[in-house]
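> After the sequence you'll find the predicted model.
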Amino acid sequence: MTREEKATVIEDLTAQLAENPNIYLADISGLNASETSNLRRACFKANVKLAVVKNTLLAKAMEASDKEFGELPDVLKGNTSLMLSETGNAPAKLIKNFRKKSDRPLLKGAFIEEAIYIGDETLDSLVNIKSKEEVIGDIIGLLQSPAKNVISGLKSGGGKLAGILKTLSEK
């Protein structure tokens, strides 16, 4: 690989790191061709981009990036695959589901919207992270609950002010 080619790869990686708020580093070494194909298919279905990268080039792209990756470049040893996703927990769920059949991929580290996770033991924490859509759904559900109580109080109170107040005070 020439210097120009390396510079192009570093620029491309830097752009990908800037565009994606959720970056996972995984080790997929040890997977056979069939397992690798299944992993790539699962990534495609989950809208997760998977790419095998050269550690030195990824480290240079991290340095060139505007993001602060903290200790994440330290895990760039051995085989490294880059998993990019719009949803913070999608790659973690994919890794966890895939490991039901295999001992790989191993999570090396993750950068989730400015938070850094290092090591495979953080996989369960990453799986439990809620997406923005899930958090918004929870908030809407919590906001609707008091409104439902008031409406049911109005209906069960018989329409009279005293009955409404009595029903609401009981709840």
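Right, received. Where do you want to start? Bear in mind the structure is a predicted one, so any value in this text is a computation, not a measurement.

> center of the protein - which residue?
In the chain, the residue lying closest to the centroid (C-alpha atoms, centre = their mean) is residue 88, at 1.9 Å.

> and it, what is it in contact with?
21-22, 112-113, 126, 129, 131 (C-beta atoms under 8 Å, 6 or more residues apart in numbering). Heads up, the C-betas are built off the backbone N, CA and C, glycines and all.

> Can you show me the strands along the chain?
Remark: strands assigned in the chain by DSSP state E are 22-27, 49-53, 80-85, 106-112, 115-118.

> Of the ones you listed, flag the one that's most buried.
Highest mean neighbour count of the strands of the chain: strand 22-27, a mean of 24 (counted as mean count of other C-beta atoms under 10 Å).

> what's the average pLDDT for that strand?
Average pLDDT, strand 22-27: 93.

> tell me the angle of that strand relative to strand 49-53?
Per axes from the mean of the first three to the mean of the last three C-alpha atoms, to 10 degrees, the angle that strand 22-27 makes with strand 49-53 is 50 degrees.

> Can I get the strands of the chain in CSV including distance to residue 139?
CSV is the format used below for the strands of the chain (distance: least, C-beta to C-beta, whole Å):
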stretch, distance to residue 139
strand 22-27, 21
strand 49-53, 29
strand 80-85, 23
strand 106-112, 20
strand 115-118, 20
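
> Tell me how many other residues surround residue 104.
18 (other C-beta atoms under 10 Å).

> Identify the residues contacting residue 68.
Residue 68 neighbours (C-beta under 8 Å, 6+ apart): residue 114.

> Just the buried subset of the contacts of residue 88, please.
The neighbour count (16 or more other C-beta atoms under 10 Å) marks 22, 112, 126, 129 as buried among these.

> Give me the pLDDT value at the closest residue in space to the third one that isn't next to it in sequence.
Yep, that's residue 126 we're talking about. With sequence-adjacent residues excluded and distances taken as C-beta to C-beta, 6 or more residues apart in numbering, residue 126 is closest to residue 92, at 3.6 Å. If you check residue 92, the pLDDT there is 92.

> Enumerate every residue touching residue 92.
Counted by C-beta under 8 Å, 6+ apart, residue 92 has contacts 24, 107, 110, 123, 126-127, 129.
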